[in-house]
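Asks: Just to be clear, the model below is a prediction. Sequence and coordinates:
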Amino acid sequence: MASFTKGVTPSTEKYDGSSLRVLIVHTRWNYEVVEALVHGATETMTSDYNVKPENISIQSVSGSYELPFAAQQLIAASKMRSQSFDVAICIGVLIKGSTMHFEYIAEAASQGIMRASLDSRVPIVFGVLTCLNDEQALERAGLGDKKSKHNHGIDWGRCAVEMGAKNRNWMSGII
Ligand SMILES: Nc1c(NC[C@H](O)[C@H](O)[C@H](O)CO)[nH]c(=O)[nH]c1=O
Ligand SMILES: CC(=O)[C@@H](O)COP(=O)(O)O
């Protein structure tokens, strides 16, 4: 059977994040996993794209359901202060339990994050893992024993810099 490289192919363009202002909103549900994902995203942005640590605002909320509201409010507040965020990342970890809770929160969070992004015209990276068990969550945060483990926060950091830089260009008429 033919195989292919899974995941996102790195962009051929090099982005400079040195003037980007980034908002990270993360949950405190499943915090050990969330913490690793936040670290992966921030480390990637600062080390690989020169995003200044002081230009990354990190805010927390309780669970993934709270992410869209917090992101929307914080983006609006940053605009009022004329210190607009160029991009945001919402980070959370949903793990399927025994009721329908997971499905409702996953749907609300994903739809809400998309709506907050389109309405605010600020790109918001979807950094919410929707896992069927603990092992899936650990693997996707670069934790645990699996050989295939990979910290998705790294991809979200790259995506954030790319979208922040591209949106700045697009808003200046540079296509
Ligand atoms: N079960 C998980 C939740 N649930 C909490 C909700 O997100 C929310 O905080 C509560 O319903 C109050 O509005 N959140 C996660 O992020 N991950 C979960 O696995
Ligand atoms: C927070 C709840 O509503 C909780 O009862 C959800 O349970 P589960 O995660 O087992 O579906």
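Replies: Perfect, I can see it now. Ligands and ions are numbered 1, 2, ... in the order given.
Asks: hey, let's count contacts and neighbours off CA atoms from now on
Replies: Fine.
Asks: what does the protein put close to ligand 2?
Replies: 97-102 (CA under 6 Å from any ligand atom).
Asks: Let's see that with 5 Å instead.
Replies: 97-99, 101 (CA under 5 Å from any ligand atom).
Asks: And those residues, which is closest to residue 71?
Replies: residue 101 (21.7 Å; CA to CA).
Asks: Near that closest one, how many other residues are there?
Replies: Using other CA atoms under 10 Å, residue 101 has 12 other residues around it.
Asks: And it, what's its pLDDT?
Replies: Confidence at residue 101, expressed as pLDDT, is 98.
Asks: any idea how far residue 130 is from it?
Replies: Using CA to CA, to the nearest Å, residue 101 is found at 12 Å from residue 130.
Asks: Could you double-check that residue 116 lies in contact with residue 66?
Replies: No. Residue 116 is beyond contact range of residue 66, at 12.0 Å (criterion: CA atoms under 8 Å).
Asks: so how far does stretch 138-155 reach from one end to the other?
Replies: Using CA to CA, one end of stretch 138-155 lies 16 Å from the other.
Asks: how about that stretch: buried residues?
Replies: By neighbour count on 16 or more other CA atoms under 10 Å, the buried set for stretch 138-155 is 138-143, 149-155.
Asks: what does the chain have sitting close to ligand 1?
Replies: Residues of the chain lying near ligand 1 (CA under 5 Å from any ligand atom): 29, 63-65, 94-95.
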